[in-house]
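# coords please:
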Amino acid sequence: MNKNQISPFAYFGLRSKAYSLIENLSNFINAGLDIITALKAMREDEGSGRLQKLLDRLIVDINSGLSLSASFAKEKFFDHYTISFVRLGEQSGKLGDSLKLLVLQRDKERMFRSKLNSSLLYVVIIFLITIFVGVGTAWFTLPKIADVYKDLGAELPFLTKIIIGLGLFFRHYGYLVVPLFFLLIGTTFYFLFSFPKTKFIGHILLFRLPFISRLIKYVEISRACYLLGYMLSAGLDIASALRSLPGITTFNNYKKLYLFLAAKVEEGNSLQKSLSTYPGVKKLITSDVRQILMAAEKSGTLSETLLRVAATYENRAESVAKNLPVVLEPLLLIFVAVGVLLFVLGTIIPIYNFSTLI
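Numbering: from 1, shown residues only. Presented below is the predicted three-dimensional model:
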């Protein structure tokens, strides 16, 4: 990595500022300023030294003849989605409009994530409390219960023996097991959903979960249709538009679909035929969308139809996100209830047996 580029650690720290930078650039360009003047104005108002250096590099690149999208692509600060939109604006000659639409789309995604996080907050809190209470019980309470039953010296039920074994285990190894347990959970999530070479496994698991896979499908359809519809309405050919889609998704199965469609369309095939020949397309694109796109392609209203489909599936994604806690809460409560029931049965039944013997 070039020493002038932002390091991965700095990138994650500055990533939240990318949105405001694009928003400011959109405002300046739509106000009539050229790119260089806009970047210089932003550089004067920027308080962060790293962002000032970033803007300096962008100014140098553009003065040397690079396009804005090419200079963005050299930096780790901007994602593929942003670069695709900027490149589209440059190709269509409507950079200001493209940046404005990018800001609007980012607003939509930010609001959607906020709604999803709010919906799942209760479930996440209950799950974390369950984990901490379970670990605390196993570490501090079970060893005391194990001592009581061990002193009695009577024959115990199998479930109680398991509880005593856990109690004694946590007494001797809890200081080691508990940190390793949380470390294992964190490492597992990292390799399943963040590490580039293994996150495809996490994606496979997500697509096996009914509500989660439906939510992902709706979000991907909405995002792809929105970007594709806008690019077509801006005058870009469909093959070039499809080539831009892999940069907007993190899911490899959708990336492969978009690349396949672009290659087939470049060969002279229609979008409808290209979709129908892709193996597994039913799992990625719903049948109603495929039928709608086929009719729109024949009638010559593909760009308008894509934008309408994007709005429809954005609403559907919000509806699924809103209903997701309704599905997860009962499952979580059942999990908690089973754990409490096993603990109660393992501790209360022996006490009841001893009282009857006395």
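
# which helices and strands sit right next to whichever strand or helix holds K273?
In the assignment (DSSP states H and E), K273 maps to helix 271-276. When contacts are defined as 3 or more CB pairs under 8 Å, 6 or more residues apart in numbering; DSSP states H and E, helix 271-276 packs onto helix 252-266, helix 287-299. The C-beta positions use only the backbone N, C-alpha and C, and glycine is treated the same way.

# buried residues in the last one?
Residues of helix 287-299 classed as buried: V289, I292, L293, M294, A296, E297 (neighbour count, 16 or more other CB atoms under 10 Å).

# residues in contact with it?
Applying CB atoms under 8 Å, 6 or more residues apart in numbering, the contact partners of helix 287-299 are 221, 225, 270-272, 275-276, 281, 302, 304-306, 309, 313.

# that helix: how far from the chain's middle?
28 Å (CA atoms, centre = their mean, to the nearest Å).

# excluding its backbone neighbours, what's nearest L302?
A296 (4.7 Å; CB to CB, 6 or more residues apart in numbering).

# on that earlier part again, quick one: buried residues of the helix holding K273?
Here helix 271-276 shows L271, Q272, S274, L275 as buried, counting by 16+ other CB under 10 Å.

# tell me the domain ranges of this structure?
Listed domain ranges for the chain are 8-107, 132-358 (source: automatic domain parsing).

# mind checking the pLDDT average for the first one?
Spelled out, it's domain 8-107. Averaging pLDDT along domain 8-107 yields 78.

# possible to save the buried residues of helix 287-299 as a markdown table with pLDDT?
Formatted as a markdown table, the buried residues of helix 287-299 follow (pLDDT from 0 to 100):
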| residue | pLDDT |
| --- | --- |
| V289 | 90 |
| I292 | 91 |
| L293 | 88 |
| M294 | 88 |
| A296 | 90 |
| E297 | 86 |
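
# which one of those is nearest to E266?
In terms of CB to CB, no member of the buried residues of helix 287-299 lies closer to E266 than E297, at 15.9 Å.

# can you tell me how far the closest one is from N269?
In this view, E297 and N269 are 11 Å apart by CB to CB, to the nearest Å.

# any idea of the pLDDT on the closest residue in space to L306 that isn't next to it in sequence?
In this structure, L306 finds its nearest non-sequential neighbour in G229, 3.1 Å apart by CB to CB, 6+ apart. pLDDT, G229: 87.

# surely G229 touches S303?
Yes - with contacts counted by CB atoms under 8 Å, G229 reaches S303, the gap being 5.0 Å.

# higher neighbour count, these two?
G229 (22 against 19; other CB atoms under 10 Å).

# ok, the nearest residue to Y230 once chain neighbours are set aside to L95 distance?
Leaving out its chain neighbours, the residue that sits closest to Y230 by CB to CB, 6+ apart is L101, at 6.1 Å. To L95, L101 is 11 Å away according to CB to CB.

# more neighbours, these two?
Applying other CB under 10 Å to L101 and L95 shows that L95 carries more neighbours, namely 23 against 19.

# which residues does the residue lying closest to the more buried one once chain neighbours are set aside contact?
Leaving out its chain neighbours, the residue that sits closest to L95 by CB to CB, 6+ apart is G89, at 3.7 Å. By CB under 8 Å, 6+ apart, the contact set of G89 is L95, G96, D97, S98, L99.

# spit out the contact partners of K108.
E314.

# roughly how far does it sit from S276?
30 Å.

# related to what we said a few turns ago, can I get the buried residues of helix 287-299 in TSV including distance to A239?
Converted to TSV, those look like this (distance: CB to CB, whole Å):
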residue	distance to A239
V289	20
I292	21
L293	15
M294	18
A296	17
E297	14
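
# widest-spaced pair of the residues you listed?
For the buried residues of helix 287-299, and using CB to CB, no pair is farther apart than V289 and E297, which are 12.2 Å apart.

# which residues of the stretch 101-250 of the chain score low on pLDDT?
Flagging of the stretch 101-250 of the chain using pLDDT under 70 yields the residue ranges 115-116, 119-120, 138, 142-143, 145-156.

# skipping adjacent residues, who's closest to S274 in space?
Nearest one to S274, counting by CB to CB, 6+ apart, is K264 at 3.7 Å.
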